[in-house]
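J.: how would this look folded up:
(one chain, ligands or ions: 2)
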Amino acid sequence: MSFMTIDYFEDLLKKPSLFKKESKLDNNYVPKRLPHREKELSLLSQLFLVLVTNPNSISRKILIIGKTGIGKTVTIKLFGEMLVNAAQKRSGNIKYVHINCRKERTSYKVLIKIVRALNNNFPKRGYSPQDLLEIIVDIIKDQNLHLLIVLDELSYLIGKEGDLIYSLTRINDDAFNTRRHISIIGIARDISCLSGLDTSTMSTLQRNIIYFNNYNKEQLFEILKYRTEISLKDNIISDSLIQIITDLVYQTGDIRYGLNLLWKSTKIAENQNLKYITIESIRLANQDIVPFSTLDILKYMSTQKIIFLLAIINALDKCGGIYTSVREITESYLILCESLGIQPRTHSQLWNYLQEFKREYLITMEIVSEAIKGRKAQITVQNIPISKYKELLLEVIETKGIKI
Ligand SMILES: Nc1ncnc2c1ncn2[C@@H]1O[C@H](COP(=O)(O)OP(=O)(O)OP(=O)(O)O)[C@@H](O)[C@H]1O
Ligand SMILES: [Mg+2]
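T.: Ligands and ions are numbered 1, 2, ... in the order given. Down below sits the predicted model:
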């Protein structure tokens, strides 16, 4: 990659970012505060308080029910942190283990996950579920701890796998005399998840359901505003634009969509060298349409350039990930040139094309530092679906009399 110039890198690296902390828009990030879930957090705290004041005096089994994207997972994770801290302050020992049953679909996988949360050197194979239950008991006794097991997306643990909660409850009752060392919180979107469980587990959980309500518009607005405050720099987005995102999110109620839209809009604004997000950034982020300007640019683009752009889209399509690299693009380009019987351009010409594409918002390119290999360009397209982009390019190329 000798054709890259150092000045260009420096320019890119100096470019100011609109994000204060990009990762705080991640779906899995657990914020310090959860506006409009205070009531649920307070209720959970009341229910678990006795485990802080009088460790291992009881076992709680609770079911959380609510629609998708309304903060069930994040609320329980934040609650878990609070509970563990509160216990620690009073030298109690509570261990929180969060398991996603969509990822760990069998009792065995769930149990291994619990054991490995307690001892991360534990081998992944070679034990029966019964062995694992006994190992869990041993560790609990050894460390005298209370285990709060969260079974998220519980509905994926179906049929006989549902016995798992029963087994955990049984060891709780059998192995520890009068002490109680295991609590369970299940999370699901509706109560149909109960049907796969045995009757006693079902009736226990049925008596202990906490329903999470959907957020209304005002609440959604405040939540999204809070998430922008912690993730974006000041004055990057106006209240009226947050309101527009709120209206879009309100249609489904899934906050994930709003966080995604915020992230995408910010990226688009950044790539267009704007100092703040505009309605147009949100539109581009929201509608996967081809911007009018892109169409115009493509129509008047030289054949050589447009073939190189197609090679980039092919490389992105093939790699399947978010970004492609200069190496992958060059490979894809050489293949395309060969099949069309045209003479490939030189590396420095291609590098110029890349910079032009970037300036014209046809691609986005970021330079990242890698410990061993040094700096590397990451190339992607953010505002147009790849399939659509390809269709469009092929159309334009055809008007130039080339058949691919
Ligand atoms: N009150 C809130 N304050 C801040 N962020 C929130 C709030 N409620 C939800 N979120 C954010 O919205 C996103 C979706 O929330 P979460 O993952 O907890 O949904 P869920 O109810 O578990 O959905 P699903 O049933 O699909 O798993 C997360 O990124 C979460 O951080
Ligand atoms: Mg969830």
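J.: quick one: mean pLDDT for stretch 146-157?
T.: Average pLDDT, stretch 146-157: 92.
J.: for stretch 338-353, same thing?
T.: For stretch 338-353, mean pLDDT is 93.
J.: distance from the chain centre to that stretch, please.
T.: In terms of Cα atoms, centre = their mean, to the nearest Å, the centre of stretch 338-353 is found 37 Å from the chain centre.
J.: stretch 20-39 now?
T.: Mean C-alpha position of stretch 20-39 versus that of the full chain (Cα atoms, centre = their mean) differs by 12 Å.
J.: now do the same end-to-end measure for that stretch.
T.: 29 Å (Cα to Cα, to the nearest Å).
J.: contacts for it next, please.
T.: 19, 41, 71, 74-75, 77-78, 81, 212, 215, 219, 222-223, 226-227, 230-233, 256, 259-260, 262-263, 266 (Cβ atoms under 8 Å, 6 or more residues apart in numbering). For every residue, glycine as well, the C-beta is placed using N, CA and C.
J.: hmm, try it at 6 Å
T.: Residues from elsewhere that reach stretch 20-39 (Cβ atoms under 6 Å, 6 or more residues apart in numbering): 71, 74-75, 77-78, 219, 222-223, 226, 230-233, 256, 259, 262-263.
J.: near ligand 1, anything from that stretch?
T.: Yes: applying Cβ under 6 Å from any ligand atom, one finds stretch 20-39 in contact with ligand 1 at Asn27, Pro31, Leu34, Pro35, His36, Arg37.
J.: now the strands: where do they sit in this structure?
T.: Under the criterion DSSP state E, the chain contains strands at 61-65, 94-100, 146-152, 182-188, 209-211, 364-370, 374-380.
J.: tabulate these in TSV, adding columns for mean neighbour count.
T.: TSV is the format used below for the strands of the chain (neighbours: other Cβ atoms under 10 Å):
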stretch	mean neighbour count
strand 61-65	21
strand 94-100	19
strand 146-152	24
strand 182-188	25
strand 209-211	14
strand 364-370	14
strand 374-380	16
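J.: reformat the ones you listed as CSV; add distance to ligand 1.
T.: Formatted as CSV, these follow (distance: least, Cβ to the nearest ligand atom, whole Å):
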stretch, distance to ligand 1
strand 61-65, 9
strand 94-100, 9
strand 146-152, 7
strand 182-188, 7
strand 209-211, 12
strand 364-370, 24
strand 374-380, 22
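J.: returning to that earlier point: in ChimeraX, how would I select the buried members of the residues of stretch 20-39 next to ligand 1?
T.: With 16 or more other Cβ atoms under 10 Å as the criterion, this ChimeraX line picks the buried residues out of those:
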select :34,35,36,37
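J.: so who does the nearest residue to Ile114 once chain neighbours are set aside touch?
T.: Leaving out its chain neighbours, the residue that sits closest to Ile114 by Cβ to Cβ, 6 or more residues apart in numbering is Val97, at 5.4 Å. Residues near Val97 by Cβ under 6 Å, 6+ apart: Ile114, Ala117, Ile149.
J.: could you redo the last one with a cut-off of 7 Å?
T.: Ile114, Ala117, Leu147, Ile149, Val150 (Cβ atoms under 7 Å, 6 or more residues apart in numbering).
J.: now do the phi/psi pair for the closest residue to ligand 1 within the chain.
T.: Per Cβ to the nearest ligand atom, Gly71 is where the chain lies closest to ligand 1, at 2.7 Å. Recorded main-chain torsions at Gly71 are phi 90, psi 20, according to degrees, to the nearest 10.
J.: close to ligand 1: what parts of the stretch 151-300 of the chain are there?
T.: So far as Cβ under 6 Å from any ligand atom goes, the stretch 151-300 of the chain lies against ligand 1 at Arg189, Ile223, Arg227, Ile255, Arg256, Leu259.
J.: by pLDDT, give me the weakest of those.
T.: Ranked by pLDDT, these bottom out at Arg256, which has 87.
J.: pretty sure it is touching Gly71, no?
T.: No: counting by Cβ atoms under 7 Å, Arg256 does not reach Gly71; the two are 10.2 Å apart.
J.: when the two are compared, which one has more neighbours?
T.: Remark: of Arg256 and Gly71, Gly71 carries more neighbours, 19 against 13, as counted by other Cβ atoms under 10 Å.
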